[in-house]
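Colleague: let me see the structure of the following:
(chains A and B)
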Amino acid sequence: MSAPTLTRPVRPEGTGGSASRRRRMRRNINSGLLSLLTWLVVLLFFFPVVWMALTGLKQESQAATTPPHFLFGPTLTQYQSAISKAGSYLAHSLTITLVSTVLVLALALPAAYALSIAPVRKWRDVLFFFISTKMLPIAGAIIPIYVIARDLHLLDTLIVLIIFYTSMNLPIAVWMLRSFLLEIPMGILEASHVDGASFRRQLRSVIMPLIAPGIAATALICFIFAWNEFFLAVNLTTQNAATVPVYLVSFQTGEGQFWAHLCAGATLACLPVLIAGWAAQDKLVRGLTMGAVK
Amino acid sequence: MAVVADRAGDAGVRWAQARGRRRNRLRRFPLLPALVFTIVVTQIPFLLTIYYSLQSYNLYHPDTRHFSGLQNYAVIFKDAIFRAALINTLLLTVIPVLLSMLIGLLLALLLDRKVFGRGLLRTLIVSPFLVMPAAAALVWKFTLLDTQFGLLNYVLSPFGVHHTDWINNYPKETIITVLTWQWTPFMVLILLAGLQSQPGDVLEAAKVDGAGAWQIFRSMTLPHLRQYMELGIVLGSIYVVQAFDAIFMITSGGPGQQTTNVPYYLYEAAFRGFDIGRASAMGVVVVAATIIIATFALRTISGLFSEQGMEGRM
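Modeller: Residues are numbered from 1 along each chain as shown, chains lettered A, B, ... in the order given. Below is the predicted model of the structure:
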């Protein structure tokens, strides 16, 4: 009668608990190991950037050694001399990127408006035309660009890079701004229209404030691409309009012997875009995919 | 009566049509500056490239310039270096893009977990993509891969590696490594956005129903990520196929022509040899090849794009 209760295996207190604790512990260890792996892989990818910035802080005699110096008294000498040597290149880069970014926004904002809020009839074709120009390799156009620039006496001028950086970034900006404009709820636009707001007023007090963050993100993306551009800069400028990437070419051979100086120059060249990119981090993917991925 | 009404109707229709045309012209107006600028600056050079490619034209001997038909194309397709450059372009595009997609997937999955310092980790991982490619190339070439003082040789010295000339012995691998390093963050960003757009409640439900982690990944995460992976691969290919900075800075296309891709070969023909006709023919070939990738790209983008509604905006 009482057999079933007796034969039923009596589970000792706590066994189940310790098994689940062990399972939980194993899961914690696994999760800890995965976190460690994450950190290791990310740091491996980040390392060349750190190494570049650190080597720029060394004396020349500490830069190229075996074993390498991991601990050293930092000096700003290399950065100071890099700033003075790269000064005119930095000024050219800054002028070209800023002017072309402003031009891009001035052209792209109205265009994006005409492709989203008040769309023209063939907006889809126009949109894909813009993006298709981004896909054609610049190498396919460089020769006529060079010949035309030479004939118009535009070689080695700021203007020629401003024009081509504007056209390089315009499709990205149109797509990106359009994706921000599409996020404005139609209701708000209709309401302001019903309230009798003029177009100008609607633009100023409804649309602009809502897409200001989008404009800022677009500007940063354009800045990043223009600042880092190499192919056109190397082929179209030599001195009077030479940008930072052209400055770096001088290290490719001779001056490459001086690693501390090279790394200080390289770090200086990267810094503006690193800062801009970190600032625009959450919008970066949107810019890189022309607004397709948010 | 009827006639009058008809006439009024006619006038109404005509007035509506005129208004429609005016409205369309008004709507087109803000678009025109950007459109005209893009057409002039991007389309004219491409048309001229085709035109130049049909000429024998060297900047050193401008007076001998003449129309030569398809001769430049015949020359480049008989040119063994050009064919090697085509194969190099293929290798130096496909391998870095696939490698960075693979590593990017792994990293995106790792970063999608709850991990200590996630914000900082994401900031650090985007950096290789932001760094100026020309600067990164110098850092790799000298401080990391140098034969005598490079860090890689130092790190590998316990394993019996001494004074290895990585760049000259493994030129393709070097370029592939640098390009993969640079493009992995791009893939991570796209895939992370994809992972984070996964509906959390569905994953939760699958977990409650007893699905294992691998099962959830195989049958839910991966299909969801597919279009993001496609987008990463096509966009990445479009940029990597044009790779120039790293090749110019690190190997100058060498040793021999081992890392000469088509953009670099075109650069040499145009700016070292000043052979405008032959370089233009190469440019046309590059463009034709890119159009093939771009067709896939446009299809992928329009797939993602159709999800963003344009309802009620006509």
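Colleague: which parts of stretch B:223-233 are buried?
Modeller: Residues of stretch B:223-233 classed as buried under the neighbour-count rule (16 or more other CB atoms under 10 Å in any protein chain shown) are B:225, B:227-233. C-beta here means a position set from N, CA and C on the backbone, and glycine is covered the same way.
Colleague: when you scan the lengthiest helix in chain B, is anything in it near chain A?
Modeller: With DSSP state H setting the assignment, residue counts place helix B:80-111 as the longest helix in chain B. Yes: taking CB under 8 Å from any CB of the partner chain as the criterion, helix B:80-111 and chain A are in contact, through B:106-107, B:110-111.
Colleague: just among the residues you listed, which is most surrounded?
Modeller: Highest neighbour count within the residues of helix B:80-111 next to chain A, by other CB atoms under 10 Å in any protein chain shown: residue B:107, with 24 neighbours.
Colleague: that one touches residue B:188, doesn't it?
Modeller: Yes: counting by CB atoms under 8 Å, residue B:107 does reach residue B:188; the two are 4.9 Å apart.
Colleague: overlap in contacts of the two?
Modeller: residue B:125 (CB atoms under 8 Å, 6 or more residues apart in numbering or on different chains).
Colleague: quick one on the thing from earlier: list the buried residues of the longest helix of chain B.
Modeller: Under the neighbour-count criterion of 16+ other CB under 10 Å, helix B:80-111 has B:81-82, B:84-86, B:88-89, B:92-93, B:95-97, B:99-101, B:103-111 buried.
Colleague: try stretch A:108-126
Modeller: Of all the residues in stretch A:108-126, those buried under the rule 16+ other CB under 10 Å are A:108-120, A:123, A:126.
Colleague: now swap in stretch A:92-100 and tell me
Modeller: By 16+ other CB under 10 Å, the buried positions in stretch A:92-100 come out as A:92-93, A:96-100.
Colleague: tell me the confidence at residue B:278?
Modeller: Reported pLDDT at residue B:278 in the predicted model: 88.
Colleague: so how far is stretch A:197-205 from its chain's centroid?
Modeller: Between the mean C-alpha point of stretch A:197-205 and the mean C-alpha point of its chain there is a distance of 32 Å (CA atoms, centre = their mean, to the nearest Å).
Colleague: what's the answer for stretch B:287-299, then?
Modeller: On the basis of CA atoms, centre = their mean, the separation between the geometric centre of stretch B:287-299 and that of its chain is 11 Å.
Colleague: I'd like the distance between residue A:108 and residue B:232.
Modeller: Summarising the geometry, the distance separating residue A:108 from residue B:232, computed by CB to CB, to the nearest Å, is 24 Å.
Colleague: residue A:158 now?
Modeller: The gap separating residue A:158 from residue B:232 is 35 Å, by CB to CB.
Colleague: so where do the helices sit in the stretch 1-150 of chain B?
Modeller: Listed in chain order, the helices found in the stretch 1-150 of chain B under DSSP state H, counting those that start in this stretch are B:2-28, B:32-38, B:44-53, B:71-78, B:80-111, B:118-130, B:133-139.
Colleague: quick one: what helix or strand has the closest residue in space to residue B:41 that isn't next to it in sequence in it?
Modeller: Spatial nearest neighbour of residue B:41, excluding adjacent residues (CB to CB, 6 or more residues apart in numbering or on different chains): residue A:167 at 4.0 Å. When elements are assigned from DSSP states H and E, residue A:167 belongs to helix A:158-181.
Colleague: now do that helix: which elements does it pack against?
Modeller: Under the contact criterion of 3 or more CB pairs under 8 Å, 6 or more residues apart in numbering or on different chains; DSSP states H and E, helix A:158-181 touches helix A:77-113, helix A:123-135, helix A:208-228, helix A:231-236, helix A:281-288, helix B:32-38.
Colleague: quick one: closest of those helices to residue B:249.
Modeller: Checking the helices and strands packed on helix A:158-181 against residue B:249 by CB to CB gives helix A:231-236 as the closest, at 10.1 Å.
Colleague: what lies in contact with that closest one?
Modeller: With contact meaning CB under 8 Å, 6+ apart, helix A:231-236 is reached by A:138-139, A:142, A:145-146, A:149, A:155-156, A:160-161, A:164-165, A:168, A:242-243, A:245-246, A:249, B:242, B:244-245, B:248, B:263, B:267, B:271.
Colleague: show me the domain layout of the chain.
Modeller: You didn't say which chain, so I picked chain A. Listed domain ranges for chain A are A:3-50, A:80-288 (source: automatic domain parsing).
Colleague: nope, chain B please
Modeller: Per automatic domain parsing, the structural domains of chain B span B:2-53, B:79-305.
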